[in-house]
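Participant: predicted model and sequence below, questions to follow.
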Amino acid sequence: GGVTQVQWSPDGNYIYTGARRDGEILCWDIRHSHDVVYRCTRATHTTNQRVGFDIEPCGRHLVSGGTDGCLRAYDLATGDEVGAWRAAEDTVSDWAFHP
């Protein structure tokens, strides 16, 4: 599917992208953009729905929704999942941090 979201990291060195029917958020280093730095796996590979994500204002974590009703948090230093919690019985289509 097509790209549905692009977001800069707070330090301006990385871009994160999400797309329809793609079960990953990709991290790109704009200083070396020839390859993906890491991939954050999420439950979105079966839907055409836009499922959003947001980056914590301090730049430490990214949180994304998913079609499984879970919110997942990722450590932006490594891309590793650091937490997940059930937020709904159906798709969680977006998430936003409050500054």
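Facilitator: Ah, there it is. These figures come from a predicted structure and were not determined experimentally. Numbering: from 1, shown residues only.
Participant: contacts for whichever strand or helix holds residue 54 next, please.
Facilitator: Element membership for residue 54 (DSSP states H and E) is strand 53-55. Residues outside strand 53-55 that contact it (C-beta atoms under 8 Å, 6 or more residues apart in numbering) are 5, 7, 9-10, 16, 18, 25, 42, 61-65, 76, 95-97. Every residue, glycine included, has its C-beta placed from N, CA and C.
Participant: so residue 86 sits against residue 69, correct?
Facilitator: Yes: between residue 86 and residue 69 there is a contact under C-beta atoms under 8 Å: 5.8 Å.
Participant: the more surrounded of those two?
Facilitator: residue 69 (15 against 10; other C-beta atoms under 10 Å).
Participant: immediately after the strand holding residue 54, which helix or strand?
Facilitator: Taking DSSP H and E, what comes next after strand 53-55 is strand 61-64.
Participant: centre of the chain to that next one, how far?
Facilitator: On the basis of C-alpha atoms, centre = their mean, to the nearest Å, strand 61-64 is displaced by 6 Å from the centre of the chain it belongs to.
Participant: and for stretch 15-33?
Facilitator: Using C-alpha atoms, centre = their mean, the mean C-alpha position of stretch 15-33 is found 8 Å from that of the whole chain.
Participant: could I get the buried residue list for that stretch?
Facilitator: 15, 16, 17, 18, 19, 22, 23, 24, 25, 26, 27, 28 (16 or more other C-beta atoms under 10 Å).
Participant: likewise for stretch 32-52?
Facilitator: Within stretch 32-52, judged by 16+ other C-beta under 10 Å, the buried ones are 37, 38, 40, 42, 43, 44, 47, 50, 51, 52.
Participant: picking up where we left off before, what mean pLDDT does the strand holding residue 54 get?
Facilitator: For strand 53-55, mean pLDDT rounds to 97.
Participant: which parts of that strand are buried?
Facilitator: Within strand 53-55, the residues scored as buried using 16+ other C-beta under 10 Å are 53, 54, 55.
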